[in-house]
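Undergrad: Need coordinates for the following:
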Amino acid sequence: MDCKLSNRLLLATNNPSKTHEISDSLQKINLEVLSLADFDKKKFAPEPPEDGETFTENARIKAEFWFQQTGISTLADDSGILVEALPGELGVRTVRFGKGENASDEEWLDYFLKKMKGMKNRKAKLVCTLAFVQKEQAIKFFQGEVEGEILEKATVPLLPRIPLSSVFLADGADKVFAAMSTTEKARFSHRGKALGKFREFIRSSNNKSRE
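TA: From the prediction side, this is the model:
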């Protein structure tokens, strides 16, 4: 990583829960982590639509756009859920599913759980792709995924903009993501696994720069 020039990293997400989770995960890395909330976005071009057909494409769109706008090394996340009983309905369209991206967390989750009502097959997989863009380097991608099941109702309060974290129980876990600590998420969650790969990449890159 080009940390010799700048120790700043921009998280290209408008999701406050993702910003908090990613920032916590990167605390031990020697980086000043910035979010889009640290900028006046009126000074930048309008954000492009996330119209990719894959998580990787959408993560690339966000990472490249905000790196071009700010010149700061940028990490973008795109994630979603694949539900066996609802093939083709969610995935990269998870946020726009049902009531749409302008729905409240409660409205989104209520619609989703009603669609799942009475379904015996509640298996699902959460997927996260991180895209990392830095100066004069090829874009890097880091993916994490986790299989589990959809609970019939939320067992803990909803986290802003990630309501699924209150109803998805990962295989091998005894609590939903919304009830987990950062350490537990690093072990079980799709985003935690992707962030683990990103942290290892940063450590490896920094070690090479000191050789």
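Undergrad: what is the residue nearest the centre of the chain paired to in the beta sheet?
TA: Of all residues in the chain, the one closest to the mean position by CA atoms, centre = their mean is D77, 4.2 Å from it. Counting by DSSP bridges, D77 is bridged to L130.
Undergrad: residues making contact with the top helix by length along the chain?
TA: Assignment by DSSP state H gives helix 190-210 as the longest helix of the chain. By CB atoms under 8 Å, 6 or more residues apart in numbering, the surrounding residues in contact with helix 190-210 are 1, 3-4, 18, 21-22, 25-26, 29-31, 75, 77, 79, 126-130, 132, 140, 142-146, 182, 185-186. Every residue, glycine included, has its C-beta placed from N, CA and C.
Undergrad: Could I get the contacting residues of K117?
TA: E152.
Undergrad: For the longest helix of the chain, buried residues please.
TA: 190-195, 198-199, 202 (16 or more other CB atoms under 10 Å).
Undergrad: So what's the gap between that helix and the chain middle?
TA: 16 Å (CA atoms, centre = their mean, to the nearest Å).
Undergrad: What does the pLDDT read for E211?
TA: E211 carries a pLDDT value of 53.
Undergrad: one step back: now which of the contacts of helix 190-210 would you call buried?
TA: By 16+ other CB under 10 Å, the contacts of helix 190-210 give 1, 3, 18, 21-22, 25-26, 29, 31, 75, 77, 79, 126-130, 132, 140, 142-146, 182, 185-186 as buried.
Undergrad: So which of the residues you listed are in helices?
TA: 18, 21-22, 25, 182, 185-186.
Undergrad: Among those residues, which one lies nearest to D110?
TA: Of all these, K18 has the smallest distance to D110: 21.7 Å, by CB to CB.
Undergrad: Which residue is the nearest non-sequential neighbour of that closest one?
TA: Once flanking residues are discounted, K18 sits nearest to D77: 5.8 Å by CB to CB, 6 or more residues apart in numbering.
Undergrad: Could you verify my assumption that the one you found touches I22?
TA: Yes - if you go by CB atoms under 8 Å, D77 and I22 touch, sitting 7.1 Å apart.
Undergrad: what sits in contact with each of those two?
TA: Joint contacts of D77 and I22 (CB under 8 Å, 6+ apart) are 11, 13, 191.
Undergrad: burial measure for the first one, as a count.
TA: Put plainly, it is L11. 25 (other CB atoms under 10 Å).
Undergrad: surely it meets A37?
TA: No - with contact defined as CB under 8 Å, L11 does not reach A37; the gap is 9.5 Å.
Undergrad: okay, and the common contacts of the two?
TA: Joint contacts of L11 and A37 (CB under 8 Å, 6+ apart) are T19.
Undergrad: still on that earlier bit, present the shared contacts of D77 and I22 as CSV; the columns should include pLDDT.
TA: Listed next are those as CSV, based on pLDDT from 0 to 100:
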residue, pLDDT
L11, 97
T13, 93
R191, 97
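Undergrad: quick check, nearest of those to N58?
TA: Among the shared contacts of D77 and I22, and counting by CB to CB, the member closest to N58 is T13, at 11.5 Å.
Undergrad: in what helix or strand does that closest one lie?
TA: Under DSSP states H and E, no helix or strand contains T13.
Undergrad: residue contacts, it?
TA: Applying CB under 8 Å, 6+ apart, the residues contacting T13 are 19, 22, 35-36, 62, 76-77.
Undergrad: Having no further points to raise, I will conclude here.
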